[in-house]
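K.L.:
here's a sequence, model it:
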Amino acid sequence: MRPGDLPMTTPWTSRDHAAMAQELGAQRSAAETTAAARLIELLGVIYRLRDDDGCPWDRKQTLASMSKNLVEEVFETTEAIAERDDAHTCEELGDVLMNVVLMARIAEQEGRFALADVAAGIAEKLVRRHPHVFGDVSADDADAALATWNDSKAKERAGQKASALGDVPSDLPALATAVKIGKRAADTGFDWPDISGALDKLDEEASELREACATNNADRIEDELGDVLFAATNVARFAGLDPELALRRTLAKFRRRFAAIEAEFGDELQRTSLDDMERVWREAATREG
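P.N.:
So this is what the prediction gives:
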């Protein structure tokens with residue numbers, strides 16, 4: 001198969017998805033036109049960088065080398081979102097998009113697949129897994145929509161795996177892995193009825209961590225600390241929150257308030273009492289509201 005020759009697998013594939021969306025009532029043709037023009041411009045820039053007389057650095061890159069950059073850019077995007085900085089988020093999303101396009105171009109030049117295959121593949125998947133939008137299935141709220149997605153996904157993967165956790169990537173960051181594993185287990189019915197059960201479990205694990213710390217047994221402390229962190233991700237799941245974003249917001253808040261302490265005491269910081277530092281911390285917290 002040549003790059004760009006991805007086989008079409010659904011009855012929707014012979015139709016233009018943007019036109020389909022407009023037929024279904026989307027009123028965004030002007031925005032789509034602008035986005036398409038900008039994406040074409042980006043493709044032109046990336047393809048030029050990979051030309052024989054293009055940028056030496058870009059021409060040197062491989063899928064393996066760019067995968068590291070992609071992960072880094074995704075984390076930087078997550079941080080920008082946590083900081084609620086729209087300008088920074090927009091910039092970082094651009095970096096992610098650049099990485100995706102460049103990686104697809106690298107693969108195309110190697111005869112493996114092309115950006116057209118990437119785009120067609122995800123468009124096809126989105127259509128298949130949204131029968132409540134592109135088919136005759138009903139979904140009145142987000143939970144129902146997610147259920148139809150999961151049902152479509154399960155049908156696609158029927159007979160392909162033995163465990164509900166089998167296709168959770170092993171190389172994700174631990175926090176992201178915990179979220180996926182908790183959700184997959186919950187999808188099988190192995191879950192509490194509501195958030196109170198998750199909160200009780202968090203309290204239980206925190207108590208066990210406190211007991212472990214009293215023993216000075218590093219292995220036991222590590223084990224119980226892991227249980228606390230996993231329990232916290234389940235609380236986040238019930239609350240409909242991303243624990244990664246929550247933690248990054250807290251880290252950003254800590255940096256701001258610690259910066260206030262540094263500004264207050266300067267070179268005297270290491271000789272300042274904890275009470276004085278906490279006073280400035282509280283003042284900074286009050287200013288933030």
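K.L.:
show me how this structure divides into domains.
P.N.:
What automatic domain parsing lists as the domains of the chain is 17-128, 174-241, 246-288.
K.L.:
between the ones you listed, which has the poorest average model confidence?
P.N.:
Mean pLDDT is lowest for domain 17-128 among the domains of the chain, at a mean of 88.
K.L.:
quick one: that domain to chain centroid distance?
P.N.:
Centre-to-centre, domain 17-128 and its host chain are 16 Å apart (Cα atoms, centre = their mean, to the nearest Å).
K.L.:
name the nearest residue to Leu97, sequence neighbours excluded.
P.N.:
In this structure, Leu97 finds its nearest non-sequential neighbour in Leu42, 7.0 Å apart by Cβ to Cβ, 6 or more residues apart in numbering. For the C-beta atoms, the positions are set from N, CA and C on the backbone; glycine is no exception.
K.L.:
mind putting the domains of the chain into CSV with distance to Ala145 and mean neighbour count?
P.N.:
Compiled in CSV, those are given as follows (distance: least, Cβ to Cβ, whole Å; neighbours: other Cβ atoms under 10 Å):
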stretch, distance to Ala145, mean neighbour count
domain 17-128, 12, 14
domain 174-241, 14, 15
domain 246-288, 24, 13
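K.L.:
nearest to Asp143, of the ones you listed?
P.N.:
domain 174-241 (10.2 Å; Cβ to Cβ).
K.L.:
which residue ranges of the chain form helices?
P.N.:
Secondary structure of the chain (DSSP state H): helices at 17-23, 29-49, 56-60, 63-82, 86-109, 115-128, 131-134, 142-156, 174-187, 195-215, 218-239, 243-265, 274-288.
K.L.:
helices or strands next to the third one in the packing?
P.N.:
Pointing back at helix 56-60 there. Using 3 or more Cβ pairs under 8 Å, 6 or more residues apart in numbering; DSSP states H and E, no helix or strand is in contact with helix 56-60.
K.L.:
what's the answer for the fifth one, then?
P.N.:
In terms of contact count using 3+ Cβ pairs under 8 Å, 6+ apart, helix 86-109 is assigned the packing partners helix 29-49, helix 63-82, helix 115-128.
K.L.:
can I get stretch 267-286 as CSV, trimmed to CA atoms?
P.N.:
Output of stretch 267-286 as CSV, limited to C-alpha atoms (Å, rounded to 0.1, in the frame of the first residue of the first chain):
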residue,chain,number,x,y,z
ASP,A,267,19.0,36.3,50.8
GLU,A,268,17.7,35.9,54.3
LEU,A,269,15.3,33.1,53.3
GLN,A,270,17.3,30.2,54.7
ARG,A,271,17.5,32.1,58.0
THR,A,272,13.8,32.9,58.2
SER,A,273,11.6,31.0,60.6
LEU,A,274,8.9,28.7,59.2
ASP,A,275,6.2,30.8,61.0
ASP,A,276,7.3,33.9,59.1
MET,A,277,7.4,32.1,55.8
GLU,A,278,3.9,30.7,56.4
ARG,A,279,2.7,34.2,57.2
VAL,A,280,3.8,35.4,53.8
TRP,A,281,2.4,32.3,52.2
ARG,A,282,-1.1,33.0,53.7
GLU,A,283,-0.9,36.6,52.6
ALA,A,284,-0.1,35.5,49.0
ALA,A,285,-3.0,33.0,49.2
THR,A,286,-5.4,35.8,50.4
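K.L.:
contacts for it?
P.N.:
With Cβ atoms under 8 Å, 6 or more residues apart in numbering as the contact definition, stretch 267-286 has outside contacts at Arg256, Arg257, Phe258, Ala260, Ile261, Glu262, Glu264, Phe265.
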